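>>> Following is a predicted model, sequence given first.
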Amino acid sequence: MKYDLVIKNGTIVTAGQSYSADIGVIGEQIAVIDQNLHGRAEIDAQGKLVTPGAVDIHVHMEMPIGEIVSSDDFFTGTRAASYGGTTAIVDFVEPDPDESMLEALTNRRAIADPKVTIDYGLHMTIGPVEIDKLDQLPEVYEAGCPSFKLYMAYGFCLSDDELMVAMEAIRDVNGLPVIHTENWAVITALIDRSLSKGRVSPSWHPRCRPAVMEGEAAGRAIDIATLVGSRLHIFHITCEDVVDRLSAARGKGIPVTGETCPQYLFLTQDIYDRPSVEGALPVCSPPIRGKKSQEALWRALGQGNLQIVSTDHCPFTRAEKATGLGDFSKIPGGVPSIEMRFPALYSSGVVPERITPNQWVDICCTTPARIAGFDRKGDIAIGFDADIVIFDPDQRVVLSEETLHEEVDWTPYDGLMIQGWPQVTISRGEVIVEDGVFYGRAGRGQFVSRHF
């Protein structure tokens, strides 16, 4: 039988095993995995790893913060993702006060659908205004948006009783709450204290968001989820204080998962001490912490105590970051990581044997897809979408503004040498990147209706 596309002679790496075989694709799906297959188009993957497309369930394209909007739109951001081997993302919906959740979902899709180059889903944000709209959750779930973002910080911050009723409502539709865990009351008090003493530089950003209070907030969120019988996913974990609480809860059978992000694995807190705008560029929340925390996160990934790595990709330009130089609390928070995540986890995870190749795929592809409800992504298996990466384990790339494709004029990883890089990225059977050339197009990605 002739297949539309055959990937030959590579080493297939999944979360569970590594083996040599060919992959036959018909249309948009994997049709067969066997030996000596032939197709109308063939790609020789000799000497390469063949993995599922990576899945990033935490990104912010075209995200407004006041008058500023994150610099990657749905086209540039998903294009950069595809260069790095990511073939599915989950972004966010933030309803306006006068919008229903379903209207907000429709309006966000109207922005994304014409631009995305890869498949995507959306999390629905529940802030204080949405507490009065919780009766709308069933129709949002049915519209394919089964995950709901909760905040313990910023203007979206929910009180403990609001967290409880929100988690109950999410539980009742079989949804997934995803949460930003920090103690906002303590943070605002520390920020006010610092500013009153003239401590305005970016170096004070991490000092006003202590790890112990991130751990306290995570523990509180887990306890509330446990009380109401809800599952829970904790975003952007930065420190052992949270890992310990997450591990203890999972040890008791509580259905909670957690992620960390590249900035916490590759950068340390001293980056905020750089002069002028250089110290402002890496401002994100929760903040980047010290070497001890970085080592604890790598250890947690290797031991299975953290389940995935997503990016919280939310880039702003140098000029936009500079707007907060007189007051660190006004620096727009976020860093670009969407392109480097998958290869960087190979380079600094698999190569030095912090994680195995199968763990790498599990952390970046399979478990993110499972957590987010992508039922045909994140694995190489018959009937799954043909989202496939042919990965060259020997190619070396030095990260810089010039080598990366995010729509931003800096990278926090400037000068970092990566060993291993995607040679080909395939989305639903279509080659969209090959040998550094982008063949995708705006609007070819699809909104994926997810359910649990």
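Received, thanks.
>>> Check which element follows whichever helix or strand V178 is part of along the chain.
For V178, the enclosing helix or strand under DSSP states H and E is strand 176-180. Remark: after strand 176-180, the chain's next helix or strand is helix 184-196, criterion DSSP H and E.
>>> in that next one, what counts as buried?
Of all the residues in helix 184-196, those buried under the rule 16 or more other CB atoms under 10 Å are W184, V186, I187, L190, I191, S194, L195. Heads up, the C-betas are built off the backbone N, CA and C, glycines and all.
>>> Wait, a helix at Y19?
No: read with DSSP: H, G, I helix; E, B strand; the rest coil, Y19 is strand and lies in no helix.
>>> what about it, how many neighbours?
Close neighbours of Y19, defined as other CB atoms under 10 Å, add up to 9.
>>> any idea of the pLDDT on it?
On the pLDDT scale, Y19 is placed at 98.
>>> Chain neighbours aside, what residue packs nearest to Q136?
Leaving aside its chain neighbours, Q136 sits nearest to M101 (4.6 Å; criterion: CB to CB, 6 or more residues apart in numbering).
>>> Next, the contact list for that neighbour, please.
Neighbouring residues of M101 by CB atoms under 8 Å, 6 or more residues apart in numbering: V93, P95, M124, E130, K133, Q136, L137, E139, V140.
>>> ok, the residues you listed vs L404, which is closest?
Nearest to L404 among the contacts of M101, counting by CB to CB, is V93 at 27.1 Å.
>>> Not counting the longest helix seen in the chain itself, show me its contacts.
Ordering each helix of the chain by length in residues (DSSP state H) puts helix 211-228 first. Here helix 211-228 makes contact (CB under 8 Å, 6+ apart) with 150, 152, 160, 163-164, 167-168, 171, 177, 179, 181-183, 186-187, 231-232, 234, 237-242, 244-246, 249, 254, 256, 286, 289, 293.
>>> among the residues you listed, which are in strands?
The strands, defined by DSSP state E, take in L150, P177, I179, L232, I234, V256 from the contacts of helix 211-228.
>>> Kindly supply the PyMOL command isolating those of these that are buried.
Only the buried members of these end up in this PyMOL selection, burial being decided by 16+ other CB under 10 Å:
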select buried, resi 150+177+179+232+234+256
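>>> Now tabulate the ones in strands among the contacts of helix 211-228 in a markdown table and tack on distance to Q423.
Converted to a markdown table, those look like this (distance: CB to CB, whole Å):
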| residue | distance to Q423 |
| --- | --- |
| L150 | 39 |
| P177 | 38 |
| I179 | 37 |
| L232 | 37 |
| I234 | 34 |
| V256 | 37 |
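>>> tell me which of the ones in strands among the contacts of helix 211-228 is nearest to T87?
Distance to T87 across the ones in strands among the contacts of helix 211-228 (CB to CB) is lowest for I234, with 24.3 Å.
>>> Spit out the contact partners of the closest one.
V178, I179, T181, A218, A221, I222, V242, L246, V256, T257, G258, E259.
>>> The closest residue to it other than its chain neighbours sits in which helix or strand?
Spatially, and ignoring its direct neighbours in sequence, I234 is nearest to G258 (4.3 Å; CB to CB, 6+ apart). Using DSSP H and E, G258 maps to strand 256-260.
>>> Helix or strand next in line after that strand, which one?
According to DSSP H and E, the helix or strand after strand 256-260 is helix 262-266.
>>> Check which helices and strands that following helix sits against.
helix 291-303, helix 341-345 (3 or more CB pairs under 8 Å, 6 or more residues apart in numbering; DSSP states H and E).
>>> redo that, cut-off 10 Å
Judged by 3 or more CB pairs under 10 Å, 6 or more residues apart in numbering; DSSP states H and E, the packing partners of helix 262-266 are helix 291-303, strand 308-309, helix 341-345.
>>> Quick one: distance of that helix to the chain centre.
The chain centroid and the centroid of helix 262-266 are separated by 12 Å, computed with CA atoms, centre = their mean, to the nearest Å.
>>> And the next helix or strand past it?
helix 277-280.
>>> Sort out which residues of that following helix are buried, please.
Residues V277, G279, A280 are the ones in helix 277-280 that count as buried (16+ other CB under 10 Å).
>>> same deal with stretch 254-274?
So stretch 254-274, judged by 16+ other CB under 10 Å, has buried residues 254, 256-267, 269, 271-272.
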